Structure formats: C-alpha cells, structure tokens
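A.B. asks: just the structure for this:
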Amino acid sequence: MTEAGRCYTDSHDKRRRFPSVIIPGIYDEAARSARDPFLAEWLQGAGVADAPPGPAQLFALHELARAGSYAEPAQFNCDPLQAVSTTIAEGGDCDQWAMVLLAALAILGYEARLMTFGDEADRFQHVCIAAKWDRRWHILDPKGDPKGLDFNDHDGSYLIVEAWNPTRAYDRV
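C.D. replies: Now for the predicted structure:
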C-alpha cells in the first residue's frame with residue numbers, strides 16, 4: 001500500500017480502514033522485523049535480551065523504546081508504516097514504536113497484543129502494546145506522550161480502549 005493509502009479522507013474512512021489495514025499492517029511488519037538480525041542485535045546490545053524474563057525484562061524493553069525518538073507523522077491523519085530499523089534509527093510515532101515492541105516481544109518469547117485508545121469521534125487516536133507474563137498483562141506505552149509514559153501506565157482520559165488479537169503472520173513468528 002502506498003503512503004497515500006495510509007492516509008484517511010475523514011473519520012469514517014479511518015474508522016473503517018484502521019482495523020482492516022493498519023492493525024494487520026502493524027502486526028505483519030512486526031512479524032517481518034522479528035526475523036531481522038538488526039532487531040536482535042539492538043536488544044542484545046542494550047542488555048534487554050540477557051535480562052531475566054518477566055517484569056524486569058519488560059521494563060527494560062519499555063525504557064529502551066522510551067529512550068527512542070518520537071516523530072510525528074509527516075502528514076496529519078496518516079498512519080505510515082515503516083521498517084522497525086528505521087524507527088529505531090530515526091524515530092517514529094506510536095504506531096511505529098508499537099511495531100518495534102511487537103517484534104521485540106516476539107523475539108523475546110512473550111504473548112503480546114496491540115491496544116488502541118480513543119473516543120467516539122476517533123477510536124484510534126493512540127496505540128500501545130500489552131505483553132503477558134505469568135497470566136498478567138503489562139502495558140508498554142513508551143510514546144503515550146512526548147516524554148513517554150511509565151511502564152504499566154496508560155492515559156486514562158481515553159474513553160474507548162480495545163485490544164486486538166495478533167494476525168496469523170505474527171502468531172507464526
């Protein structure tokens with residue numbers, strides 16, 4: 001899909017296409033990126049891959065992503081997808097950092113879900129990731145605001161919160 005194909009004409013168009021195009025695109029790019037040696041090397045170099053599995057490792061991953069650059073989309077009302085390596089090197093918005101986290105969590109062996117936040121006017125204003133450890137879901141939202149949100153924290157001002165199951169491609173990583 002072209003860059004223009006990831007921009008919306010109005011809120012109805014976004015409501016229709018975000019679940020059918022963008023969410024699968026995030027999962028698909030995360031699945032592709034989980035196979036990229038660059039991401040495994042990034043996790044290893046930061047010490048995340050060697051941390052013991054569980055909340056401490058999830059916290060380390062969250063903070064690693066939180067330290068990355070936030071970049072607004074080039075166009076208003078667009079959700080461009082880009083390679084995980086590009087997001088790590090150049091920054092990205094919440095959608096793009098969600099791809100990084102999903103790919104990293106797949107490498108690290110965690111069950112993960114994409115979460116969307118919004119209101120009646122725009123159900124898809126923000127995305128983050130939930131990762132499961134020991135039957136408990138942990139929130140990784142490193143780009144919830146310009147400085148990032150703390151591990152296991154979320155912006156409670158959103159009225160609509162939805163969790164999205166992974167696509168087949170992501171489930172096979």
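A.B. asks: please identify the buried residues of stretch 10-30?
C.D. replies: Neighbour counts using 16 or more other CB atoms under 10 Å place 14, 17-18, 21-30 of stretch 10-30 among the buried residues. From N, CA and C alone the C-beta is placed, and that goes for glycine too.
A.B. asks: helices and strands of this structure: which one bottoms out on pLDDT?
C.D. replies: Every helix and strand of the chain was ranked by mean pLDDT, DSSP states H and E. The lowest is helix 168-171, at a mean of 85.
A.B. asks: and it, how far out from the chain middle?
C.D. replies: Centroid separation for helix 168-171 versus its chain: 15 Å, with CA atoms, centre = their mean, to the nearest Å.
A.B. asks: from the chain's centre, how far out does the top helix by length along the chain sit?
C.D. replies: Longest helix of the chain, by residue count under DSSP state H: helix 94-108. Relative to the centre of its chain, helix 94-108 is centred 5 Å away, using CA atoms, centre = their mean.
A.B. asks: show me where the protein has helices.
C.D. replies: Assigned by DSSP H, the chain shows helices spanning 11-17, 23-33, 37-45, 55-66, 84-90, 94-108, 168-171.
A.B. asks: same list (the ones you listed) but as CSV, adding distance to residue 154.
C.D. replies: CSV is the format used below for these (distance: least, CB to CB, whole Å):
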stretch, distance to residue 154
helix 11-17, 21
helix 23-33, 18
helix 37-45, 24
helix 55-66, 12
helix 84-90, 21
helix 94-108, 12
helix 168-171, 22
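A.B. asks: what about these, which gets the closest to residue 142?
C.D. replies: Nearest of the helices of the chain to residue 142, taken as CB to CB: helix 55-66 at 3.7 Å.
A.B. asks: for the residue positioned nearest the centre of the chain, list the residues it contacts.
C.D. replies: Central residue of the chain (CA atoms, centre = their mean): residue 98, 0.9 Å from the mean position. Contacts for residue 98 (CB atoms under 8 Å, 6 or more residues apart in numbering) come out as 26, 30, 114, 127, 128, 129.
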